[in-house]
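*Asks:* Sequence and predicted structure, then a few things I'm wondering about:
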Amino acid sequence: MKNIINQPTDRAGLYTLSLRMVIGWTYFSAFWRRLVLENKFILDEAGYIGEKFNHFLPNALGIKPIIEYLVTHPDTLHTSMITFTVIEAIVGLFIILGLFTRLMSIGIFGLALGILLGSGWLGTTCLDEWQIGVLGIAGGFTLFLTGSDAYSLDHYFMKKKLSFTYKKWFRWLGSGTLPIQNPQPLVLVISIFIFGLTLFTNQYFHGGVWGTLHNKSVKPKIEISNLSLTGSHINFEVYRTEGADVYGSFLIGIHIMDQNGDVLKVFDQNELSKLTSENIKNHYVAKVKPGKHSLIIPLGAKADLHLDIKDIINQRDKIHSIKLIDISGIEWISKL
C-alpha cells in the first residue's frame, strides 16, 4: 500500500531501528561489562554479580522468594547469573541484528519485567531501575508489534525469499506483517496493562502517583531482630533493607543499654572492625564483614551477631536494649 507521495505506509519496523539498537545494546552490554571488560563472575571478589543480585532482595515485588532461594544457594546463584547473562547477550545481540525480532522482543519484555519487579525500588536520584524496567517492557512490546524492516537479518532473509520466511510462524517470531486481522484490541489491552503496571509500580516502590514520595535508596536502614542473651554473650540478627546499593552501612558503634537508656557496654568502631567469623554468621551472598574502621553491612545482607559481654556479666539482668550507630549518625534501637 502506498500513500499520496508514493511512500510505503507499513515501514514501522524501519522507524523503530534506533529503538531496536539502543534496547539491544542495553541488554548485550550487560554481558559485555560482566565478562569482556571485567570478569564479575568470580566468587567472593568485589563486584561479583551475585552480590549485586542480593541487593534486590529486601524490597523486591512478587519474586522475593526466588531471589532469597538463590542468594542462600551460592552454586545455584552462580549458575543462574551466568545463564541470565548469556540470555541477555543473545537477546540483545539478536535484537541489534534484527534476527527473530519478535521472539527476541518477548525476551526483552521478560527481562525488563524481571528488572522492574526485582530492583524497581533502587535508584538514588532518578528512580533508575524502575525507569529501565518500565521502558524496557514498553519497548519490547513495541518491537513485537513492528518487527524489523530494512537493516535487519529478518528483512535480508525475506528479500532473499528463503522458504521459512513464508511460514506463519516466522511472522510471529521474526518479522513481516503480524498475522492478526485487527491488531487494535490487542494493542489497546496490552498498552493499558503496561500503563497500569507502570502506575502501580511507581506508586508501590516510590509513592509516585499519590501521597508522600519516598526513596528507599537514599539512607541506610537496618532491622534488628531475635535479640537474646545466652551465657556471657548477646545475640541478635541484623538485616540491611534500605539505602544505596553501591556502598554499605558503616557501623561504628553498638551500645548495650539498661531500661533508663544508660550505656552498660560499648563496642566501638575499633572493636567492630576486629570481629571474626566466630562473631558473624552470614545468611546470604552479600556479607556483613569487618572493615578497616567499622563493621560493613551491604544492602541485602543479613547476619547473626554473637558478641561477648563477659565483662558486664554481673549486670546481665539490667540489659534492656541495644543501639546500633551508623557513621552517618543514624541510630537503630531494639529492646530485649
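*Replies:* The structure has been received and is ready for your questions. All values derive from a computational prediction rather than experimental measurement.
*Asks:* does Lys265 sit in a helix or strand, and which one?
*Replies:* strand 263-268 (DSSP states H and E).
*Asks:* Could you do Arg240 as well?
*Replies:* strand 233-242.
*Asks:* cool, and Asn226?
*Replies:* Using DSSP H and E, Asn226 maps to strand 221-230.
*Asks:* on that earlier part again, what's next to the strand holding Lys265, contact-wise?
*Replies:* Strand 263-268 has contacts (CB atoms under 8 Å, 6 or more residues apart in numbering) with 252-258, 307, 309, 311-312, 315, 318-319. C-beta: built from backbone N, CA, C; applies to glycine.
*Asks:* Then stretch 38-56?
*Replies:* 33-35, 67, 70-71, 74, 77-78, 81-82, 85, 118-119, 122, 245, 284-286, 298-301.
*Asks:* Can you select the buried ones among the residues you listed for me in PyMOL?
*Replies:* Filtering the contacts of stretch 38-56 down to the buried ones (16 or more other CB atoms under 10 Å) takes a single PyMOL command:
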select buried, resi 34+35+67+70+71+77+78+81+85+118+119+122+245+284+285+286+298+299+300+301
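*Asks:* Can you pull out the low-pLDDT segments for the protein?
*Replies:* For the chain, applying pLDDT under 70 flags the ranges 1-10.
*Asks:* Show me the strands in it, by range?
*Replies:* 221-230, 233-242, 249-257, 263-268, 280-282, 289-290, 295-297, 302-308, 321-326, 331-335 (DSSP state E).
*Asks:* Need the winner for burial among those.
*Replies:* Per residue and on average, the most neighbours among these fall to strand 295-297, with a mean of 25 (mean count of other CB atoms under 10 Å).
*Asks:* Domain-wise, how is the protein divided?
*Replies:* According to automatic domain parsing, the chain comprises the domains 12-206, 221-335.
*Asks:* still on that earlier bit, by how many degrees do the strand holding Lys265 and strand 321-326 diverge?
*Replies:* 30 degrees (axes from the mean of the first three to the mean of the last three CA atoms, to 10 degrees).
*Asks:* Now do stretch 270-286: distance from first to last residue.
*Replies:* Distance across stretch 270-286, first residue to last, is 22 Å (CA to CA, to the nearest Å).
*Asks:* Give me the contacts around that stretch.
*Replies:* 48, 50-51, 53-55, 57, 68, 71-72, 74, 77, 251-254, 288-295, 298-307.
*Asks:* hmm, try it at 6 Å
*Replies:* By CB atoms under 6 Å, 6 or more residues apart in numbering, the residues outside stretch 270-286 that reach it are 50-51, 54, 71, 74, 251, 288, 290, 293-295, 298, 300-304, 306.
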